[in-house]
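> Below: sequence and its predicted model.
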Amino acid sequence: MYTSLQFKRELFRCEVAGRLATAIAKCIRRFGRLGFSDRLMTLHAHRVLAIASLVAGVLAYRSLWFWNPDPHGQVHFQDWLFSPVDAIPQLYYALAAALVYRNRGSFRSAMEGSGSPALALLPLTLGSALFVWGHYVAAPDLLLVSFVLVSMGVGLLWFGTGFAVEWSIPCVILAFAFPIPAALTNEIFYFLRLWTADQVASLLTLVRFPVYHEGNVIYGADVVAQVIDSCSGLRAMEMLTLAAFLFVHWSPANRLRGWLLIAMAPLVAYGFNLLRVCFIIPDPTSDLSATHTVQGWLAFFGALAVLLLFDRLLGRLLPGRADTRSASPAAKDRNAAGAVGLANSRAGAWSLALAAMLATMLGVSIWMPEWSPPEDEEPAGELIFGPSVELPLAMGGWRMGEALELDLDFIWTLRFPQYANRPYRLDGQTVDLFIGYADRADRSRSLLSPKNALPGRGWEVEDRSFARLDSWDTQVERVVARSGSRRILTYHWYEGMDSLALEALRALFATDQSPLWRSQRPRVIRIGTPVGVGALEEAEADRRLTAFAGVLKEALPESGSSSAVDSARVRDGEPPIGRESIKAVLLFLGKIFPNPA
């Protein structure tokens, strides 16, 4: 239900869009009434059409102005320092705008070139198609990619390759605002945390501060500290790489020198992140250790200073500056001669087609509805942490115990909206069962993570392999891990999920927020049991988990693999998932192109 203020805003937005579309339509109608010899519009008329097109484009991409990548809450400024999944796009917008302003002279010179309509066709087509899809699935990050493509196409159409080269530099900065698919960040997080814990423990031992680590937890005489995701250093590496890129662009130097400086930036940032964690470990309760923003800025400026010193060293080894000479008189004459071609190309059918395309995109952003899941689909539930999955009290003699606490700091980036974490016991033997569900509509999180093999922090993986679980007709990941004197054997597998590459692509194009969504709700299942040392002990633990998995399969028949779900659907007279997806595509096309009758 609209409030009065929201209604007024919608009314104003529609009125502005309507007037702009009417103005562009009038220009096109007047142009259509001209004879062929009169279709080379005056430069003044061309500029009016160009300005109207740019205004339509800016309004079409208005959802990017206040884009918040975190759907779970407000992004704070310190997230730019630590959280790789909660960026602040507006900062990158400001940096790109500042770069354009600083290079305004180069852009002005590039705007004297003649257009290249043939080269502009591909980015304009891809960008406009991605815009429609991004708006339909409510994915602002896809709109950002669309903006880069469309703006590059507009530059090629109006000004040619020279402008496209200049505009590619701000586009690189905008690329830093694009979020990495969650399935990939989960992999990066996991290994960065392990490497950080291992190297911090080694550094502290070198300075006579005896510590050791198990998994991502560092143990000392009077301290136990966990290396969490925000301490992995991924955001610091992104920030310093961006700073190095800007420095190289603003201070032209030898090309090899510039590339070496950019390549060194992630390594320097990672090193300073290690030092930051080293200073926290000895006294984690101090004021400086608790002030993450201050830590982040100190580490960032320290890394930046080292990077500048490294640049000075490269300057001595690789002297010389980049070629910044101005264009030759002949080139200037060619640009001046190309100005006539510029007016001609922009005043022709291509510019009118561009204006119509941008006006259509504006109309799509206003009147095209976003996709919503079917009404009969069970809601995913609120994004809260809570044991909300019901399990049977007894399964084949195994009886349920008290709920196990979930280590929220360990699984920080996973965010299970619904889960169950329970032990089952039989004749003195224990098997821990964990089932976690994902929210299909939340592209900022993914179930795929090496963390799912472990029950929490402080576990060191001794062996990781794969095994076949016949009762579930699936392959599981088998992990042996230790923590202190304890050892466990775990199996875990996924349902309704694809490989890492396919999951990254599905998240990239937001297919689960479209008619191509998966009807099977993704989930992860982990079963684990204590295990002794030796091959016989591990073989006994394997038999225990295999037997429990068979009992679990019988108690939860609806939780089969995707192939079992397809078979059940066919038996019930429903199409399998593949045919259902094809039907969904046809229904989607029917909404976009309705039957005139």
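In hand now; what should we look at? Numbers count the residues shown, from 1 in each chain.
> For the rest of this, base every contact and every neighbour count on C-alpha atoms.
Will do.
> Show me what the helix or strand containing P266 packs onto, helices and strands only.
P266 belongs to helix 255-280 when assigned by DSSP states H and E. Under the contact definition 3 or more CA pairs under 8 Å, 6 or more residues apart in numbering; DSSP states H and E, helix 255-280 sits against helix 182-206, helix 234-250, helix 292-317.
> Show me which positions of the second one end up buried.
Residues of helix 234-250 classed as buried: 234-248 (neighbour count, 16 or more other CA atoms under 10 Å).
> follow-up on the earlier one: so which of the helices and strands packed on helix 255-280 gets nearest S63?
Between S63 and the helices and strands packed on helix 255-280, the tightest spacing by CA to CA is seen for helix 182-206, at 22.0 Å.
> Pull the residues that contact that closest one.
Contact with helix 182-206 is made by 85, 210-213, 215-218, 227-229, 231-234, 274-275, 277-278, 413, 443-451, 500, 503-504, 507, as judged by CA atoms under 8 Å, 6 or more residues apart in numbering.
> Now a ChimeraX select for only the buried ones of the residues you listed.
Buried residues among the contacts of helix 182-206 (16+ other CA under 10 Å), as a ChimeraX selection:
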select :85,211,212,213,215,216,217,218,227,228,229,231,232,233,234,274,277,278,413,443,444,445,446,447,448,449,451,503,504,507
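> so of the contacts of helix 182-206, which ones are in strands?
211-213, 217-218 (DSSP state E).
> what's the most distant pair in those residues?
Going by CA to CA, the pair spanning these furthest: V211 and V217, at 10.4 Å.
> any chance of the helices and strands packed on helix 255-280 in a markdown table, with distance to D463 and mean pLDDT too?
What follows is the helices and strands packed on helix 255-280, written out as a markdown table (distance: least, CA to CA, whole Å; pLDDT from 0 to 100):
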| stretch | distance to D463 | mean pLDDT |
| --- | --- | --- |
| helix 182-206 | 15 | 90 |
| helix 234-250 | 26 | 88 |
| helix 292-317 | 35 | 85 |
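> closest to M361 among the ones in strands among the contacts of helix 182-206?
The closest of these, once distances to M361 are taken by CA to CA, is V217, at 50.9 Å.
> The closest one touches E460, doesn't it?
No. Using CA atoms under 8 Å, V217 is not in contact with E460, being 9.4 Å away.
> Mind putting the ones in strands among the contacts of helix 182-206 into TSV with pLDDT and distance to V48?
Converted to TSV, the ones in strands among the contacts of helix 182-206 look like this (pLDDT from 0 to 100; distance: CA to CA, whole Å):
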residue	pLDDT	distance to V48
V211	87	69
Y212	87	69
H213	87	66
V217	88	63
I218	89	65
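> Closest to M395 out of those?
Among these, and counting by CA to CA, the member closest to M395 is V217, at 35.0 Å.
> And the helix or strand A56 falls within, what does it pack against?
For A56, the element it lies in under DSSP H and E is helix 43-60. Counting contacts by 3+ CA pairs under 8 Å, 6+ apart, helix 43-60 is packed against helix 4-33, helix 329-347, helix 349-367.
> between those helices, which gets the lowest average pLDDT?
For the helices and strands packed on helix 43-60, mean pLDDT drops lowest on helix 329-347, to a mean of 43.
> Could you count how many residues lie near I262?
20 (other CA atoms under 10 Å).
> ok, it - contacts?
241, 244-245, 248.
> One more: M400?
Applying CA under 8 Å, 6+ apart, the residues near M400 are 392-394, 422-425.
> confidence score at it?
Confidence for M400, expressed as pLDDT, is 90.
> ok so, going back, nearest to E538 among the ones in strands among the contacts of helix 182-206?
Using CA to CA, these come closest to E538 at H213, 24.3 Å.
> What's opposite that closest one in the beta bridge?
Beta-bridge pairing of H213 under DSSP bridges involves I218.
> so the helix holding P266 versus helix 182-206, what angle?
Angle, helix 255-280 to helix 182-206, by axes from the mean of the first three to the mean of the last three CA atoms, to 10 degrees: 70 degrees.
> can you give me the angle helix 255-280 makes with helix 292-317?
Going by the same axes, to 10 degrees, helix 255-280 makes 150 degrees with helix 292-317.
> buried stuff in helix 255-280?
257-258, 261-262, 264-266, 268-274, 276-280.
> can I get the CA coordinates of the helix holding A56 in PDB?
Extracted C-alpha coordinates of helix 43-60, given in PDB (Å, rounded to 0.1, in the frame of the first residue of the first chain):
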ATOM      1  CA  LEU A  43      24.500  20.500 -34.800                       C
ATOM      2  CA  HIS A  44      22.000  22.400 -32.600                       C
ATOM      3  CA  ALA A  45      19.200  19.900 -33.300                       C
ATOM      4  CA  HIS A  46      21.600  17.100 -32.800                       C
ATOM      5  CA  ARG A  47      22.700  18.400 -29.400                       C
ATOM      6  CA  VAL A  48      19.100  18.700 -28.300                       C
ATOM      7  CA  LEU A  49      18.400  15.000 -29.200                       C
ATOM      8  CA  ALA A  50      21.700  14.000 -27.600                       C
ATOM      9  CA  ILE A  51      20.800  15.700 -24.300                       C
ATOM     10  CA  ALA A  52      17.300  14.200 -24.300                       C
ATOM     11  CA  SER A  53      18.900  10.800 -24.800                       C
ATOM     12  CA  LEU A  54      21.300  11.300 -22.000                       C
ATOM     13  CA  VAL A  55      18.600  12.400 -19.600                       C
ATOM     14  CA  ALA A  56      16.500   9.300 -20.500                       C
ATOM     15  CA  GLY A  57      19.500   7.100 -19.900                       C
ATOM     16  CA  VAL A  58      20.300   8.700 -16.500                       C
ATOM     17  CA  LEU A  59      16.700   8.300 -15.400                       C
ATOM     18  CA  ALA A  60      16.600   4.700 -16.600                       C
END
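> Pretty sure G550 is one of the things M395 touches, is it not?
No. Taking contacts as CA under 8 Å, M395 lies outside contact range of G550: 10.1 Å.
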